[in-house]
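1. Sequence first, then the predicted structure:
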Amino acid sequence: QVQLVESGGGLVQAGGSLRLSCAASGGTFSSYIMGWFRQAPGKEREFVGFISWNGDSTYYADSVKGRATISRDNAKNTMYLQMNSLKPEDTAVYYCAARSGRPGTLVAPSTYDYWGQGTQVTVSS
């Protein structure tokens, strides 16, 4: 079983940037597909993007495409989310998640097995 801890959230002005980190412990980090999700108050948890186990493949939601970059360092058991050109609508709690490589959609929160506690990102206008 893997434990996930997000960090790097905070308050940033619109147009600014943030880099979130997701540190994993336990399990075999390099065997997991990793995803980022976010949840704004009163809204459902929303897919942001995912990265394959070896980092060769990434996929992003349309809402962040071109502004977000997901990367991972398997030697450090850490995944990152670089967000640029932040907008007020990016304000949310950001969660990282892990799942095995079994078949199935990679954009639905329900298909991920392990979750971090989340980190708040607030973008002011």
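-> Great, that's in hand. Residues are numbered from 1 along each chain as shown.

2. Name all residues that make contact with R19.
-> For R19, the contacting residues are G8, Y80, L81, Q82, M83, by C-beta atoms under 8 Å, 6 or more residues apart in numbering. (Each C-beta comes from the backbone N, C-alpha and C, glycine too.)

3. Quick check: ChimeraX command selecting the buried ones in those residues.
-> Applied in ChimeraX, the following selects the buried portion of those according to 16 or more other C-beta atoms under 10 Å:
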select :8,80,81,83
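
4. Mind putting the contacts of R19 into JSON lines with distance to D73?
-> Below are those laid out as JSON lines (distance: C-beta to C-beta, whole Å):
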{"residue": "G8", "distance to D73": "14"}
{"residue": "Y80", "distance to D73": "8"}
{"residue": "L81", "distance to D73": "13"}
{"residue": "Q82", "distance to D73": "13"}
{"residue": "M83", "distance to D73": "18"}
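
5. could I get the contacts of R19 as JSON lines with pLDDT?
-> JSON lines is the format used below for the contacts of R19 (pLDDT from 0 to 100):
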{"residue": "G8", "pLDDT": "98"}
{"residue": "Y80", "pLDDT": "98"}
{"residue": "L81", "pLDDT": "98"}
{"residue": "Q82", "pLDDT": "98"}
{"residue": "M83", "pLDDT": "98"}
